[in-house]
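> Show me the folded form of this:
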Amino acid sequence: MHRWLKKDGSILASMGTSDTPVDVQEFVGAEMAWSSFSIDGNLRLIAEAGFETILTVDDNRDRCPKPRQSWTSWS
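Residues are numbered from 1 along each chain as shown. Reported below is the predicted structural model:
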């Protein structure tokens, strides 16, 4: 991902918020396998990859369908 970015560029990603090894569900008519790390796990992996986290927002509104998402920007 470092190669994708222009100098001083950043990435915005939607990431899961729970430590889920695998969850199989139907999605638009096909069986899909989903997995994610906790927010802390995601931030640790981002840092280990050499990125600097700019902002993380946990979308935990009641109307947000499960699983929740976090929005993280890093450069």
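> On the three-state scheme, the most centrally placed residue in the chain is what?
For the chain, the residue nearest the mean C-alpha position is residue 15 (1.7 Å; CA atoms, centre = their mean). Three-state call for residue 15 (DSSP: H, G, I helix; E, B strand; the rest coil): strand.
> quick thing: my sequence starts at 37, can you match it?
With the count now opening at 37, the last piece we talked about shows up as residue 51.
> Against residue 77, how distant is it?
9 Å (CB to CB, to the nearest Å). Quick note: C-beta positions are derived from backbone N, CA and C, even for glycine.
> Now for these two: what residues contact both?
Shared contacts of residue 51 and residue 77 (CB atoms under 8 Å, 6 or more residues apart in numbering): none.
> Any regions of the protein where pLDDT drops low?
Scanning the chain with the threshold set as pLDDT under 70 gives 96-105, 107.
> need the helices for it, in chain order.
Secondary structure of the chain (DSSP state H): helices at 75-84.
> Need the residue in it that's farthest from the chain's center.
Within the chain, residue 65 marks the point farthest from the mean C-alpha position, 23.5 Å out by CA atoms, centre = their mean.
> show me the contacts for residue 46.
Residue 46 sits in contact with 90, 109-111, where contact means CB under 8 Å, 6+ apart.
> From residue 71, how far off is it?
From residue 46 to residue 71 the distance is 25 Å (CB to CB).
> go on, residue 62?
Distance, residue 62 to residue 71, using CB to CB: 16 Å.
> Do a quick rundown of the strands in this structure.
Ranges of strands within the chain are 47-52, 56-63, 66-72, 89-95, 105-110, based on DSSP state E.
> Output the contacting helices and strands for the first one.
If contacts are counted by 3 or more CB pairs under 8 Å, 6 or more residues apart in numbering; DSSP states H and E, strand 47-52 sits against strand 66-72, helix 75-84, strand 105-110.
> So which of these is the most surrounded?
strand 105-110 (a mean of 18; mean count of other CB atoms under 10 Å).
> Thought residue 106 was touching residue 48, still the case?
No. When contacts are counted by CB atoms under 8 Å, residue 48 is not listed as touching residue 106 (11.3 Å).
> so how far is residue 69 from residue 60?
5 Å.
> For residue 55, which non-adjacent residue is closest in space?
residue 74 (4.5 Å; CB to CB, 6 or more residues apart in numbering).
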